[in-house]
Structures are given as structure tokens and as C-alpha cells.
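# Could you look at this predicted model? Sequence included:
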Amino acid sequence: MRRLRNVKIVATLGPASNDYDTIRALFEAGADVFRLNMSHGTHEEQRARHAIVRQVEKDLDRPICILADLQGPKLRCGTFAAGATEIEEGQPFRFDLDEAPGESHRVCLPHPEIFAALEVGSTLLVNDGKLRLKVTDCSPEHANCIVEVGGTISDRKGVNVPDVLLPLAALSEKDKKDLEFACQIGVDWLALSFVQRAEDVEEARVLAGGRAAVLSKIEKPSAVDRFEDILKASDGIMVARGDLGVELPVQAVPPIQKRLVNACRIAGKPVIVATQMLESMIESPMPTRAEVSDVANAIYDGADAVMLSAESAAGQYPIEAVSTMDAVAIEVEHDPTYREQIEASRSPLKTSVADGIVAAAREIAETTDIKAICCFTQSGTTALLTARERPRVPIIALTPLKGTARRLCMSWGTNCFVTPGEVERFKAAVVSAARAARSAGFATEEDQIVVTAGVPFNVPGTTNILRVAPCDERLIFATDT
């Protein structure tokens, strides 16, 4: 089951991937992380999917990461008397709090917080940006607009307000219930939708109470503007290009993607690139060339993971979509240009002993015949710092904590193993690392590995020791450490 690539694949579960055989096949095809989309399905349906993933994990004896993606405060218009209406460019149109069914000149927008924040000149986007309206007059109860891009507007279509910081909590009441449910069943990551500020992340972190890591989805211009603070508050980032491409000019999204991925790499925090990566494979067994290039570009950028949404959740070819993404990743990572770009974008900043240890481990591995970098980690920090270096050799993360191993499955290049108990002495750690490297096929008894750890053991954030060690246990025991 050893992967032949470093970038990880996130596969969303849904109606097309709802049973043991399919979920196991997805994992065997290359999925490293399974996403539960809390916008769809009941708690019982998500509980069943979670249980299947954990059964696959048990049967294959490999840690598997589960990500619960919270819906966030979705803004929608009300209903129409006829179910839909046409609005034309240049005509006036009104949003208000009146719950009466909409007509050709108005509709209810049951979100007073939007009206409280709107100003003359603000833009309202409807139905994923297909319709665009400009505010000409507003009050706490209404917004009169002029239609700039017309079309069909129908019941409960989504509404985006790209140029206004809305006074909305990132967690709705539904999200809070979903968050507690997800933590209770034991997910590893929580994805927070429509983050606008660092305080949104802190609220989720308090509610999670350390039971899951918190990942912020960047899908609003306000989040891009405040990204540095959001990144500091988050354990990971998702570049969610769907809504981001609605609220910003589409040509702005690629450079934003590159900037955010690079910032996450410097910070040593996992970053996922998501949305419409192999969209055509919902209905086709083959992707378009443009989609393949999109996946490849995210990998060239140095993303930790790339994600499938409807392709694996509701598409006709979920396993083929994962296999395609796996094949693209393998091909890209074997391209010499990929390695050149990854190394050219490596951050030279080193500010701690742990930074120096992992940088030295990578340099030693690249200048001698080292087969793997093995890092013992309690919280996952050592493995994350090692992954930030993007070494040429595999990373083996060893931890006594199953939760840490599962969370690290999202991180670039990490191959996670749960040790059978806490390690107390460094020599025992070296022996465990050698056994893991051999059992997973990364090395033989004739090879050498680099081992990093923190002494004293089992204390988070104490990475302070490095050893080049043989994979032959007889040589390990013959040497004092």
C-alpha cells in the first residue's frame, strides 16, 4: 500500500461512495483522506460512512484521515410565486425582509445582517455569480438594486456579497451541532467554511476542544485580506476556489492560490487545493486536458493535498477519478522541473532548534545514500516541519497516538505508523524506525536512515536530536547512543 507520490488525495464521500467495497477501493486507488460534507446527508448517514472508513483502516492496518467539512452560514434568497423569474440587464430589482413570495421586481432576502452591512455601490451576486446586481439604495430592511448581469433567478438561490465584511458568525447553529457530532464520532480535521477573520477560527477551536484539528477554507475576499492572521490561528488551510472564484474576478484566483500555498509551506501547515479539479469526471471516465493541468499546477505549487468533491461523492466514476489524480501526481513528481520548483521555493528562514534539526535531516538525506527520514512525534510538529522541507526521500512519521497519525495523513510526503507504546529511550526509537522502514519497503538491512526525535520523549515540541542509523538492528545494538 506504499504510495508512489508525496502529495495527498482527499476524496469526498457521498451517494456514489457509500459502501465498504467502494470506500476500500477508493483508498486502494489512492485516497489518503476522506471528506464528510456536512452540507449534505443526515448525521446517521455520515456516522455510517465514518464507521466504514474506520473499518477499512482496521482491515488494512493503515491510519486514514477523516475530514468533516462544515456548511457555514449559507446565504440564500426566498421563494418566488412562480418558482423562478427572469430579470434583465438595466432593470430595478429589490431585496427585502418581506416573506411574501417573490415576483419579477423583488424577492425576500431573510438575512437582516446583510442589509445592516450593505452600502450604496455594493455588489450582490446570485446563483454562483451568474447574476450580478449593484445596490443603488439601502436601509436595514431592504436593498434597491440595478441589474448588471441578468438571467433566471429561482427559489433559494445562493447570494454572495463579495465587497462587504458581513457581521456573520462563521458557525451557524447547524454548524455547531455538526461540529459536536463530528467530534463525538471521532473525525481528525474540521473544515470551517466562509472564514472571514481569525476570531472565526478561534471560536471553532474552543468548541472542538482539541478533539480535532481546525482547517480554514479560504473562499471570501475578506479571508484573503486577513490571511496572515487566519493562517496563524489555523492548523491547516483549504484554498476553496469555488466561492472564491465567484466573489473575485476569476483571473485573480490562480495567483492567490500560489500565494496562499507558498505561505502555508513557509508556516509548515498543510494546505489543500480544492474545487472543480476533475469536474468533467462526474459524467465522463476521462478528464479534460485543462483539468489535468489544473491538478498538475497545484502539485507543482507544492500543495500538501488535492481534493475531489462531487467527482467521488456523486459522480459516475469515483474510483477512476482517484486513479487519475494519483497518476497525474506520480507523473508530475517524477518530472525534474517539479523538484527544481519545489527546492527553489523552499523557505530559508530557520528560527529554532527544531527547524535546524529537520533542515539538517533533509540535507544529510540528499547528500548521502539515505533511504528515509524517520521522525518520532507526539503532537505531529516534527513531521510537519520535516514535510515543510519537501525532502527527496520518504518521510516516516512514528507516533504512539493514533489521532496524530491520522491527522498527519493530510501532510505532504508523510507515511504514518502508530508505535505499539510510548518510546522512552532513543535507541529503542531507532530500532522502531528501522523496523518501520523495512516493513514498509522503504529500506533493507543494508541501508541507512535518518532518525529525528525530541529528548525527553513524549513531550511535544522538543525536537533536538538527529542520528544517521543503519537498518540492521544488530548494528544498532552494537552502537551506544
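It's in.
# For the least confident helix or strand in the chain by mean pLDDT, what is the distance to the chain centroid?
When the helices and strands of the chain are compared on mean pLDDT, DSSP states H and E, helix 473-477 comes out lowest with a mean of 77. Here helix 473-477 is found 40 Å from its chain centre; the criterion is Cα atoms, centre = their mean, to the nearest Å.
# repeat for stretch 373-389
The answer for stretch 373-389 is 18 Å, by Cα atoms, centre = their mean.
# And stretch 91-110, by the same measure?
37 Å.
# With stretch 305-312 instead?
Counting by Cα atoms, centre = their mean, stretch 305-312 is centred 10 Å from the centre of its parent chain.
# Show me the contact partners of that stretch.
7-14, 16-17, 26, 31-33, 35, 37, 238, 270-279, 281-282, 295, 298-299, 317-318, 321-322, 325, 329, 410, 412 (Cβ atoms under 8 Å, 6 or more residues apart in numbering). (Glycine included, C-beta is placed from N, CA and C.)
# One more: stretch 459-471?
With contact meaning Cβ under 8 Å, 6+ apart, stretch 459-471 is reached by 353-354, 357-358, 360-361, 364, 368, 370-371, 375, 378-379, 381-382, 385, 426, 430, 433-434, 437-438, 443-456, 476, 481.
# Would you list the buried entries among these?
For the contacts of stretch 459-471, a burial check counting by 16 or more other Cβ atoms under 10 Å picks out 354, 357-358, 361, 364, 370-371, 375, 378, 381-382, 385, 426, 430, 433-434, 437-438, 443, 447-454, 476.
# Same question for stretch 139-152: list its buried residues.
Across stretch 139-152, burial judged by 16+ other Cβ under 10 Å covers 142, 143, 144, 145, 147, 150.
# could I get those as CSV with secondary structure, distance to residue 416 and pLDDT?
Listed next are the buried residues of stretch 139-152 as CSV, based on DSSP: H, G, I helix; E, B strand; the rest coil; distance: Cβ to Cβ, whole Å; pLDDT from 0 to 100:
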residue, secondary structure, distance to residue 416, pLDDT
142, strand, 54, 96
143, strand, 50, 97
144, strand, 56, 97
145, strand, 52, 97
147, strand, 53, 97
150, coil, 52, 96
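# which outside residues touch stretch 73-85?
Counting by Cβ under 8 Å, 6+ apart, 39, 95, 99, 101-104, 107-111, 114, 126, 152-161, 168-172, 175, 193-194 sit against stretch 73-85.
# These in strands, which ones?
By the criterion of DSSP state E, membership of those in strands covers 95, 107, 108, 126, 152, 153, 154, 159, 160.
# Narrow the residues you listed to just the buried residues.
Applying 16+ other Cβ under 10 Å to the ones in strands among the contacts of stretch 73-85 flags 95, 107, 108, 126, 153, 154, 159, 160 as buried.
# For the first one, which non-adjacent residue is closest in space?
Once its chain neighbours are removed from consideration, residue 95 has its nearest residue in residue 109; the separation is 4.0 Å (Cβ to Cβ, 6 or more residues apart in numbering).
# before we move on, what about the second one?
Once its chain neighbours are removed from consideration, residue 107 has its nearest residue in residue 77; the separation is 5.0 Å (Cβ to Cβ, 6+ apart).
# Distance check, that neighbour against residue 415.
As judged by Cβ to Cβ, to the nearest Å, residue 77 and residue 415 stand 48 Å apart.
# Between those two, which has more neighbouring residues?
residue 415 (25 against 22; other Cβ atoms under 10 Å).
# In this structure the more buried one contacts residue 399, no?
No - taking contacts as Cβ atoms under 8 Å, residue 415 lies outside contact range of residue 399: 11.9 Å.
# May I see the buried residues of stretch 139-152 organised as JSON lines, with distance to residue 131 added?
JSON lines is the format used below for the buried residues of stretch 139-152 (distance: Cβ to Cβ, whole Å):
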{"residue": "142", "distance to residue 131": "18"}
{"residue": "143", "distance to residue 131": "14"}
{"residue": "144", "distance to residue 131": "16"}
{"residue": "145", "distance to residue 131": "10"}
{"residue": "147", "distance to residue 131": "7"}
{"residue": "150", "distance to residue 131": "7"}
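# Out of these, which comes closest to residue 189?
Ranked by distance to residue 189 (Cβ to Cβ), the buried residues of stretch 139-152 are led by residue 143 at 36.9 Å.
# so who does that closest one touch?
Residue 143 sits in contact with 94, 95, 96, 109, 114, 115, 118, 122, 124, 135, 137, where contact means Cβ under 8 Å, 6+ apart.
# which of those residues tops the neighbour count?
residue 95 (28 neighbours).
# So residue 185 is in contact with residue 49, correct?
No - the pair residue 185 / residue 49 is not scored as a contact, 9.8 Å apart, by Cβ under 8 Å.
# Looking at those two, which one has more neighbours?
Taking other Cβ under 10 Å, residue 185 and residue 49 do not tie; residue 49 has more neighbours (22 against 16).
# Which residue, other than its chain neighbours, is closest to that one?
Nearest non-adjacent residue to residue 49 (Cβ to Cβ, 6+ apart): residue 13, at 4.8 Å.
# Distance-wise, check the one you found relative to residue 432.
33 Å.
# Comparing the two, which residue is more hemmed in?
Using other Cβ under 10 Å, the more surrounded residue of residue 13 and residue 432 is residue 13, with 27 against 20.
# I figured the more buried one was touching residue 48, is that so?
No - if you go by Cβ under 8 Å, residue 13 and residue 48 don't touch, sitting 9.9 Å apart.
# Might you report the residue contacts of the residue nearest to residue 49?
Going by Cβ under 8 Å, 6+ apart, residue 13 touches 23, 34, 35, 36, 37, 49, 53, 312, 313.
# just to revisit the earlier point, and the contacts of residue 143, which is the shakiest by pLDDT?
Across the contacts of residue 143, the bottom pLDDT score, 91, is held by residue 114.
# wouldn't it be in contact with residue 165 here?
No - in this structure, residue 114 is not within contact of residue 165 by Cβ under 8 Å, at 11.6 Å.
# So the residue nearest to residue 95 versus residue 96, what's the distance?
Shown here: residue 109 relative to residue 96, a distance of 7 Å by Cβ to Cβ.
# Repeat that for residue 8.
From residue 8 to residue 96 the distance is 46 Å (Cβ to Cβ).
# What are the buried residues along stretch 294-305?
294, 295, 296, 298, 299, 300, 301, 302, 303, 304, 305.
# what's the last one sitting at in phi/psi?
When read as degrees, to the nearest 10, the backbone of residue 305 gives phi -150, psi 150.
# ok, it to residue 32 distance?
Taking Cβ to Cβ, one finds residue 305 at 7 Å from residue 32.
# what touches both of these two?
8, 9, 10, 410.
# which of the residues you listed count as buried?
8, 9, 10, 410.
# which ones are touching the third one?
Remark: with contacts taken as Cβ under 8 Å, 6+ apart, residue 10 is in contact with 31-35, 67, 272, 274, 305-308, 410.
# Which of those residues ranks first by neighbour count?
residue 31 (32 neighbours).
# what's the nearest residue to that residue if we skip its chain neighbours?
With sequence-adjacent residues excluded and distances taken as Cβ to Cβ, 6+ apart, residue 31 is closest to residue 11, at 3.9 Å.
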